[in-house]
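# Pasting the sequence and the predicted model now:
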Amino acid sequence: MTSLFDLPFEEPGPEAGPEPPAPRRVLTVTDLNARIRALLEHQFIEVWVEGELSNCKLWNTGHMYFTLKDSAAQIRGVMFRSALRTLRFKPQDGLRVVARGRISVYDPKGEYQLVCEHLEPEGLGALQLAFEQLKQRLQAAGLFDPRRKRPLPALPRKIGIVTSLDGAAVRDIIQVLRRRHPNAHIVIRPARVQGDGAALDIARGLAAIGRVPGVDVVIVGRGGGSIEDLWAFNEEVVARAIAGCPVPTISAVGHETDVTIADFVADVRAPTPSAAAEMVVARKDDFCAHIDRLTHRVQSAMTSCLHRGESRLRSLEARSMAIRTQVAVRQRTYQSLWRALETFDLRRRLGRIRARLVAVDARLAGASARSRHRADGRLRASAARLEALSPLAVLGRGYAVCWNADRTAVIRDAAQASKGDRVRVTLGRGELDCHVDRSHD
Amino acid sequence: MSTDPTIKDFEAAIAELESIVKKLEEGDLPLEKSLELYERGVQLSRFCHSRLEEAERRIEVLNERGQLTTSQTLKVDGDK
C-alpha cells in the first residue's frame, strides 16, 4: 500500500543506497503542515512569478485575493492592503503580471498561497497601465467630453496659477505674461508638484484658487521631468479637481511630448508652461490693434453713412427746389384763372339772380292782385248778407229794441221792467232814454 | 475700474463692437439708428481700452489658509 503520498517527507538522499528502512515515524497533520510550512516559507522567501490574474476579489478589509495562473497551473495569492496601496494601477482579471512575494502556508487548511508584495503588469510598465486604466475610467465618466470644454476668457481679470514656487514653470509663466500683458494680475497657489501628497496638494490648490474673486482662468502644471516626476498629474484626484474647477483651466505639464491625464480633462492643454502663458492672454498690443481696427471701421462706416445721408439730402433738396418752382408757376396760373373765373362767374350769377328776382316779383305781384280781387268780392257778399241779418235793418223798418238802463240786456218781457225804471230804446236811427210809467202784461 | 451696467465684460464688449461694425457696414439703417450705434461703438471701444489698462500689475500668493499676500520676490523676478 505504498504510494507517493505515503513517503516520508524527508526522503533519504540519493547516496543513501539500499539500506534497511528507517523506523516508521508517524506525524500528526499539524506537525506535517508545520513542517511543510517551515520548508516552503524558508525556501520561497522572495520569488518572482509571472502569470495571469483571475478571480481578483477585493475584500472589505482592503486585502485582495486572487488566482495567478498559466495554461497548466494556478496558485492562490493574496495582496495585503498595505502592499496594494503602493500600486498605481488597479489589478484586474485577465491582466498578465509579474508578481513578487513569498509563499505562505495556511496550516488549518493545508493550503499554500503566494503573499504578493508587488505586482507589475507585463508588457506595459505599471505607470503606463495605470495611466491607461485611469484614462479609460475618466473617459467613461465623461470627463474628456469636448462639450465640457469651456472657452478661455478673452481678457482675464486675474490669472490663477497652481504650481510649485521653486520650479521653472512659475518663472516661465510670469515672464511670458509680463512680456505680453504687463498689467496682468496673477494669483499663485503654491503646490508640491511631485512626491507624496503632491496630487492632493494640487487638487486642493485648484479648489482654492477657483474661489478667489476675480480669478477667471487657471493654469495648472509644472516643468519637465520623468514620468514619475509628472505622475501627480496622472492621478484621479487631480483630474477630478480640474473637472470641478469653477473657471476654465489650462494644463501645462512638462514638455510638448508629455501627455498627462490632466491634459485630457483640462479645458485647454498647453504643451508647456510658457505656452500656457501665451494662450491665457493675447498680446495687449494685439488687443489694442483689434479694438482700434473695429473702432476705425465703426467710424468709417458712420462717415459713409453720413455721406450717403448728405447726398440723399442734397438730391432731395434739388428735387424740392424744382418742385417749388413748378408750384410757384402753377400757383400764378391758378390765381389768374381763379380771378378770371371769379369775375366772370359772379357777374353771370348776379344776372341770373336778378332775372329770377324780377320774375318772382312779377309772379308775386300778380298773385297778390288776384287774391285781393277775390277777397273783395267775398267781402262784398258777406257785407250784404250781414246787412240783411242786421237788427239795424229791422229797425229801419220801424222796429225798436228796448234795453235795460245800462244797455247790457234786451228787455223782452214787460215784467222785466217796473214803474219808475229807466230803459233805453234803440230806433232805426238814434236812441231814446225812457221812463217807465206803467207796465202791461 | 469703469463700471458700465450696460457692458457685461470685455468679451461681450468686443462681440458687441464687432456686431455694430457689421450692422453699420451693411449700411441700410436709418440715420438715427446709425448714430445710436456709432455712439455705442465709441463707448464700447473706450471700455475695452480702459479694461486693457486697468488690470493691476500685481502678483499675489494664496497660502494654505486661503490668505492672499503680495509677492515681492516673484514680482522682481517676473519684471526682469
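Yep, it's here.

# Spell out which parts of the stretch 251-400 of chain A neighbour chain B.
Residues of the stretch 251-400 of chain A lying close to chain B (C-beta under 8 Å from any C-beta of the partner chain) are A:284, A:287-288, A:290-292, A:294-295, A:297-299, A:301-302, A:304-306, A:308-309. Yep, even glycine has a C-beta here, placed from its N, CA and C like the rest.

# Now a PyMOL select for only the buried ones of these.
Buried subset of these, written as a PyMOL selection, criterion 16 or more other C-beta atoms under 10 Å in any protein chain shown:
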select buried, chain A and resi 284+287+290+291+294+295+297+298+299+301+302+305
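
# Residue A:379 in helix, strand or coil?
Counting by DSSP: H, G, I helix; E, B strand; the rest coil, the backbone at residue A:379 sits in helix.

# same thing with residue A:256?
Assignment for residue A:256 (three-state DSSP): coil.

# Quick check: residue A:47 vs chain B, distance?
From residue A:47 over to chain B the distance is 45 Å, taken as C-beta to the nearest C-beta, to the nearest Å.

# correction: residue A:359
Counting by C-beta to the nearest C-beta - residue A:359 and chain B are separated by 68 Å.

# so what pLDDT did residue A:338 get?
The per-residue pLDDT reported for residue A:338 equals 78.

# now it, what's its secondary structure?
helix.

# What of residue A:251?
Under three-state DSSP, residue A:251 comes out as strand.

# Any idea what it is bridged to?
The bridge-partner assignment for residue A:251, based on DSSP bridges, gives residue A:220, residue A:269.

# wait, isn't it in contact with residue A:266?
Yes. The criterion here is C-beta atoms under 8 Å, and residue A:251 meets it with residue A:266 at 3.6 Å.

# which neighbours do those two share?
Shared contacts of residue A:251 and residue A:266 (C-beta atoms under 8 Å, 6 or more residues apart in numbering or on different chains): A:220, A:242.

# and residue A:324, how many neighbours?
10 (other C-beta atoms under 10 Å in any protein chain shown).

# gap between it and chain B?
Distance, residue A:324 to chain B, using C-beta to the nearest C-beta: 24 Å.

# and that residue, which of the three is it?
helix.

# Can you check the pLDDT for it?
85.

# one step back: mind checking which of the residues of the stretch 251-400 of chain A next to chain B land in helices?
Those of these mapping onto helices are A:284, A:287-288, A:290-292, A:294-295, A:297-299, A:301-302, A:304-306, A:308-309, per DSSP state H.

# Need the residue closest to the centroid of chain A.
What sits nearest the mean C-alpha location of chain A, by C-alpha atoms, centre = their mean, is residue A:150, with 17.2 Å.

# who's in contact with that one?
By C-beta under 8 Å, 6+ apart, the residues touching residue A:150 are A:248, A:267.

# do residue A:62 as well
By C-beta under 8 Å, 6+ apart, the contact set of residue A:62 is A:80-81, A:84.

# Which single residue of the stretch 301-441 of chain A ends up nearest chain B?
residue A:301 (3.5 Å; C-beta to the nearest C-beta).

# Please name the nearest non-neighbouring residue to that residue.
Leaving aside its chain neighbours, residue A:301 sits nearest to residue B:24 (3.5 Å; criterion: C-beta to C-beta, 6 or more residues apart in numbering or on different chains).

# Tell me if I'm right that the one you found and residue A:298 touch.
Yes. With contact defined as C-beta under 8 Å, residue B:24 counts as touching residue A:298 (6.0 Å).

# what do these two both touch?
B:37-38, B:41.

# Looking at those residues, state which has the most neighbours.
Result: residue B:41 is most packed of the shared contacts of residue B:24 and residue A:298 (other C-beta under 10 Å), 25 neighbours.

# now the helices for chain B?
Ranges of helices in chain B, per DSSP H, are B:10-26, B:31-54, B:72-79.

# Please apply the same query to the stretch 101-250 of chain A.
Using DSSP state H, counting those that start in this stretch, the helices found in the stretch 101-250 of chain A span residues A:126-140, A:168-180, A:198-209, A:236-244.

# So what touches the shortest one?
Applying C-beta under 8 Å, 6+ apart, the set of residues contacting helix A:236-244 from outside is A:134, A:137-138, A:143, A:148, A:199-200, A:202-204, A:206-207, A:220, A:232, A:249, A:251, A:261-262, A:264-266.

# Give me the buried subset of these.
Buried residues within the contacts of helix A:236-244, counting neighbours by 16+ other C-beta under 10 Å: A:134, A:138, A:143, A:199-200, A:202-204, A:206, A:220, A:232, A:249, A:251, A:261-262, A:264-266.

# To what extent is the nearest residue in space to residue A:53 that is not next to it in sequence buried, counted in neighbours?
In this structure, residue A:53 finds its nearest non-sequential neighbour in residue A:95, 4.7 Å apart by C-beta to C-beta, 6+ apart. Residue A:95 is flanked by 21 other residues according to other C-beta under 10 Å.

# same check, this time on the one 10 residues further on
Per other C-beta under 10 Å, the neighbour tally for residue A:105 reads 18.

# and it, bridged to which residues?
Beta-bridge pairing for residue A:105 (DSSP bridges): residue A:112.

# Equivalent analysis for residue A:119, please.
residue A:99.

# re the thing from before, what's the closest of the helices of chain B to residue A:154?
With C-beta to C-beta as the criterion, residue A:154 lies closest to helix B:10-26 of the helices of chain B, at 4.6 Å.

# for the closest one, packing partners?
Helix B:10-26 is packed against helix A:284-389, helix B:31-54, with contacts defined by 3 or more C-beta pairs under 8 Å, 6 or more residues apart in numbering or on different chains; DSSP states H and E.
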